[in-house]
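# Show me how the following folds:
(2 chains)
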Amino acid sequence: MADTVATPKAHGHVEHHDVDYLHDGSLLSWLTTVDHKKLGVMYLWSVLFMFFLGGVFALLVRLELFAPGKQFMDAETYNKVFTLHGAIMVFLFIIPSIPAALGNFVLPIMLGAKDVAFPRLNLASFWIYVVGALIAVTAMVTGGVDTGWTFYTPYSTTTDGSVALMTFAAFVLGFSSILTGVNFIATVHKLRAPGMGWFRMPLFIWGMYSTAIIQVLATPVLAITLLLLIMERTFGVGVFDPKLGGDPVLFQHFFWFYSHPAVYIMILPGMAIISEVVPTMSQKTFFGYKATAFSSVAIAIVSFVVWGHHMFTSGQSQLAGAIFSFLTFLVGIPSAIKVFNWITTMYKGSISLQAPMLYALMFLILFGIGGLTGLFLGAMSVDIHLHDTYFVVAHFHYVMMGSTAIAFLAGLHYWWPKMFGRMYNESAARVSAVLVFIGFNTTFLPQFLLGSRGMPRRYYNYLPEFQFLHQVSTVGSWILGLGFVIMAGYLFASLRKKMDAPANPWHGRSLEWQIPSPPITHNFHEVPVVTTEPYDYYRPFEPSVKGHH
Amino acid sequence: MNFLREWMMPIQASEHAAKVDNLYLFIFLLTSAFFVLICYLTVLFAWKYKRKKEGVLTINFQHNLALELVWSIVPLILVIGIFFWGFHDYAAASVAPNDALEIHVTGKKWNWTFEYPDGTRSIRSLHVPVNKPVRLIMTSEDVLHAFFIPSLRIKQDVVPGRYVDLNFTATVPGKHQVFCAEYCGRDHSGMLGDLFVDSPAKYAEWLEKGDEELYKMKPADLGKMVWEMKGCNSCHTLDGTKGEGPSFKGIFGKTEKLRDGSTAVVDENYIRESILNPQAKVVAGYEPVMPTFQGLLREIEIKGVIAFIKELK
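Numbering: from 1, shown residues only, chains lettered A, B, ... in the order given. All right, here's what the predicted structure looks like:
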């Protein structure tokens, strides 16, 4: 094995290009950096802060729902809090989490590049995200928003509060997302190292590439929709409100034309991480590489023609509903293939059960629930009953949080040593993983039952018969919260240590494991030449990177 | 299977509900089987192939055509089957028979109102006869709402600016919960209602008597509602302005000159007669154009109108 251990470097005794990126430059140089790694790290702290904020709102929502009637906030406050939870989690955490934070850091290195194709665009994208986040925070403190993250008209065009500002924030954030997508597409096409053909790319890259396609093609539609909403609200231009001659269902078509593909902007990167963690931690060749790569692209394409399944009860035509239902079932097949591929990859492997793999295993189970419960919602007659109930709330939390956020944590634990050069406390990580798993299921499994029994979503108050299940769910949210507190504890603690991470703690074979932890500013001394498939764990390792120690 | 259904679903109050539950249960059992398979293999492999020694090489297993075809094609066939099943029941439920009882539903923050073919109105309580096909014709006066009856497994968004319909035939008498399922602001979770499925006789009796809400209102308020809803307001003003008919303001107790030259005192009996037989005593200066409300107003509504006029000093 050619694994190397990065020795802590004494400052001033090494040439500039050998300095690890974390110690290269002042604060100002961080804020104006075009280095994809620094931008990835800055994105990481931003999205983690947003995850914390959205999480606090989630705990408040669950606490208020502990019993029917008022606990500690009134209905108007509750409506604002659940809206902020959704809007923050979707626009400020999940969408940028994997691509902008982990993807930015890892993707160029995996390809053998020194940076993304357009480094300055990458910097612009980060600051656009910051501006968008600041506008969103301004909207929160100047009146708040009570529309739900979906901004359905005509409620959103007639209610009080800072709806226009919040929509403008989502509009701005969309550009950050588009620019990251453009950058990744160009990087994958143009900056692959010599020898890295399309089918020698790690599957993480395939997932990022498919995500980027959706980001570039779907997000502009959201921008147009939100702009029309702002125009209607601010200038009274009638587009969606029937009182002004508009059509409220049109808004839903526009909104879901973006937001359904956006579901795949959220889940494809999660799948991409699992496709990386499972073979490495199992030291096994990936089963069905091409099937998984093409599944990502297939999902990206089909995701554009299923938006109407959010609207079976909206009053859209029944024929349209039937077509959307059929296509929705088709999009399930590539996901099923991926699940079987991940599981088969573990077969006869040499599986390490360290933290990244624990999260990957959790993903397989939680995505199993999230994906399979989608079948209930795709079937039209059953969906009519379940639509807009807690069943849907549970389903999308299993996909967004149980799958994407858990995959994000798998990736965070997997690449943390690479990003920061430190190992975290493995025992604490296992305790936290178990708490997160138990807490998550305790929170969201009861919600399936609430929903099938008829409990509608976005309810401040509820009938007494639903109380027990709501209480179980709230207790679950506390367990989940505790898991995250422990996680924050050991991750921060690891940063206070001396750098102790080996270059390749998981015995991985993609390029990022062949350079020191943390990497030097320019990633590679020499351009690597790739001569092997990405997951050749059946034969001795042939490093592609030369020139390190 | 019944215990599973009863555990997960509300009571079945229509044949459609039973159909939905059958598909629900089918998907539940099918997905449970797949879920058990996923968990079993995940845990089994993680346990059985747990790393014992560092640095070992593993087998090269990248393809197995038979396996890959099976796990692509079997789920494909299953989901196409589920699609047709779900579509079939959905389509069947979306067609109303010609003899369906048509009831208009209006959603407005944060109440449901219902209008029956004979002009009866009710708020929050929807009354229908058992085993009779019903077609709800629904609209909203403000934002989106959704009319949701869990025990019938039906739900439809109520959209301002257009009519949408919702069909059902309730088979179980009694009271069933109605929810608003589309977020509509502050009292969204309070926008509830009750569906009363009555025997035909009880339904007819209810129509005769009117909604119980009428009996809870202050008589003058009820009178004002009648003045607005039955169209009295198009001819009779409240502020003294002359319309097609005399204004209600200060009219009670006055002695009016009639078209035939005689006079009449406006008292309870005069108002009652003017509603039920308007041509009998027409005030001088007005045309005898008012239609009769015989059979269109209930006794309690007439009393309400009298109380309302009395209050308009």
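
# How confident is the prediction for the residue nearest the centre of chain A, by pLDDT?
Centroid-nearest residue in chain A: residue A:94, 3.8 Å away (criterion: Cα atoms, centre = their mean). Predicted confidence (pLDDT) for residue A:94: 95.

# if I read this right, it contacts residue A:405, doesn't it?
Yes - at 6.9 Å, residue A:94 and residue A:405 qualify as touching, with contact defined as Cβ atoms under 8 Å. All C-beta spots, glycine's among them, are computed from the backbone N, C-alpha and C.

# Could you check how far the residue nearest to the centre of chain A is from residue A:47?
Remark: distance between residue A:94 and residue A:47 (Cβ to Cβ, to the nearest Å) = 9 Å.

# cool, and residue A:69?
In terms of Cβ to Cβ, residue A:69 sits 35 Å off from residue A:47.

# The two: which is more packed in?
The neighbour comparison of residue A:69 against residue A:47 (other Cβ atoms under 10 Å in any protein chain shown) goes to residue A:47, with 24 against 9.

# number of nearby residues for the nearest residue to that one once chain neighbours are set aside?
Closest residue in space to residue A:47, ignoring its immediate chain neighbours: residue A:97 at 4.8 Å, by Cβ to Cβ, 6 or more residues apart in numbering or on different chains. With neighbours defined by other Cβ under 10 Å, the count for residue A:97 comes to 29.

# what distance separates the start and the end of stretch B:193-202?
19 Å (Cα to Cα, to the nearest Å).

# For that stretch, give the mean pLDDT please.
96.

# Stretch B:42-51 now?
Mean predicted confidence for stretch B:42-51 is 96.

# ok, that stretch near chain A or not?
Yes - judged by Cβ under 8 Å from any Cβ of the partner chain, stretch B:42-51 comes into contact with chain A at B:42, B:45, B:46, B:49, B:50, B:51.

# pLDDT value on the residue nearest to residue B:244 when sequence neighbours are not counted, please?
Distance criterion Cβ to Cβ, 6+ apart; nearest residue to residue B:244, sequence neighbours excluded, is residue B:235 at 3.8 Å. Reported pLDDT at residue B:235 in the predicted model: 87.

# cool, and the one 3 residues further on?
Each residue has a pLDDT score; the one for residue B:238 is 89.

# Residue A:180 too?
Residue A:180 is given a pLDDT of 96.

# dump the residue contacts of it.
By Cβ atoms under 8 Å, 6 or more residues apart in numbering or on different chains, the contact set of residue A:180 is A:96, A:99, A:100, A:103, A:104, A:122, A:125, A:212, A:215.

# my read: the fifth one touches residue A:47, true?
Just to be clear, that refers to residue A:104. No - look at residue A:104 against residue A:47 with Cβ under 8 Å: they stay out of range, at 11.0 Å.

# Could I get the contacting residues of the closest residue to chain B within the stretch 101-250 of chain A?
Relative to chain B, the nearest point of the stretch 101-250 of chain A is residue A:242 (2.6 Å; Cβ to the nearest Cβ). Contacts for residue A:242 were tallied using Cβ under 8 Å, 6+ apart; they are A:154, A:248, B:159, B:160, B:161, B:162.

# returning to what we had before: ok, and the closest non-adjacent residue to the residue nearest to the centre of chain A?
Residue A:94 sits nearest to residue A:266 (Cβ to Cβ, 6+ apart), 4.8 Å away.

# where does the one you found fall, helix, sheet strand or coil?
With DSSP: H, G, I helix; E, B strand; the rest coil as the basis, residue A:266 sits in helix.

# Skip the chain neighbours and tell me the closest residue to residue B:210.
The nearest residue in space to residue B:210 (Cβ to Cβ, 6+ apart) is residue B:298, at 5.0 Å.

# Ignore what I typed, I meant residue B:300.
residue B:214 (5.8 Å).

# Where does pLDDT dip in the stretch 51-200 of chain B?
Scanning the stretch 51-200 of chain B for pLDDT under 70 picks out nothing.

# same thing but 90
Residue ranges of the stretch 51-200 of chain B with pLDDT under 90: B:54-56, B:94-98, B:110, B:118-124.

# where's residue B:304, which helix or strand?
Assigned by DSSP states H and E, residue B:304 belongs to helix B:299-311.

# Tell me which residues of that helix come out buried.
By neighbour count on 16 or more other Cβ atoms under 10 Å in any protein chain shown, the buried set for helix B:299-311 is B:300, B:301, B:302, B:303, B:304, B:305, B:306, B:307, B:308, B:309, B:310.

# again, but for stretch B:141-152
By 16+ other Cβ under 10 Å, the buried positions in stretch B:141-152 come out as B:142, B:143, B:144, B:145, B:146, B:147, B:148, B:149, B:150, B:151, B:152.

# cool, and stretch B:240-248?
Quick answer for stretch B:240-248 (16+ other Cβ under 10 Å): B:245, B:246, B:247, B:248.

# And it, end to end?
7 Å.

# Repeat that for stretch A:386-406.
25 Å.

# and what of stretch A:32-41?
End to end - Cα to Cα - stretch A:32-41 spans 13 Å.

# Distance from the chain centre to that stretch, please.
19 Å (Cα atoms, centre = their mean, to the nearest Å).

# part of a helix, is residue A:68?
No - under three-state DSSP, residue A:68 sits outside any helix and is assigned coil.

# Relative to residue A:459, how far out is it?
Taking Cβ to Cβ, one finds residue A:68 at 10 Å from residue A:459.

# So which of the two has more stuff around it?
residue A:459 (25 against 17).

# does the more buried one count as helix, strand or coil?
Secondary structure of residue A:459, per three-state DSSP, is coil.

# next one: phi and psi at the spatially closest residue to it that is not a sequence neighbour?
Take residue A:459 and drop its neighbours on the chain: the residue closest to it by Cβ to Cβ, 6+ apart is residue B:189, 3.7 Å away. Dihedral pair for residue B:189: phi -80, psi -10, per degrees, to the nearest 10.

# and what of the one 5 residues further on?
According to degrees, to the nearest 10, the main-chain angles of residue B:194 amount to phi -120, psi 130.

# and what of residue B:117?
Phi and psi for residue B:117, reported as degrees, to the nearest 10, are phi -60, psi -30.

# Spatially nearest residue to it (excluding sequence neighbours)?
Nearest to residue B:117 is residue B:102, by Cβ to Cβ, 6+ apart, at 6.3 Å.

# would you say the one you found is within a helix?
No - assessed with three-state DSSP, residue B:102 is strand; it does not lie in a helix.

# before we move on, back to that, and what about the residue nearest to the centre of chain A, helix, strand or coil?
Assignment for residue A:94 (three-state DSSP): helix.

# Contact partners for it?
A:266, A:400, A:404, A:405.

# ok, now how distant is it from residue B:216?
49 Å.

# Over to residue A:111?
For residue A:111, the distance to residue B:216 (Cβ to Cβ) stands at 73 Å.

# cool, residue A:484 as well?
Residue A:484 sits 51 Å away from residue B:216, going by Cβ to Cβ.

# More neighbours: the two, which one.
Between residue A:484 and residue B:216, counted using other Cβ under 10 Å, residue A:484 has the larger neighbour count: 17 against 9.

# Can you tell me how far that one is from residue A:409?
Note on residue A:484: its distance to residue A:409, by Cβ to Cβ, is 9 Å.

# Between these two, which contacts overlap?
residue A:436.

# Tally up the residues packed near residue A:283, please.
Count around residue A:283 with other Cβ under 10 Å applied: 24.

# For it, report the pLDDT, please.
96.
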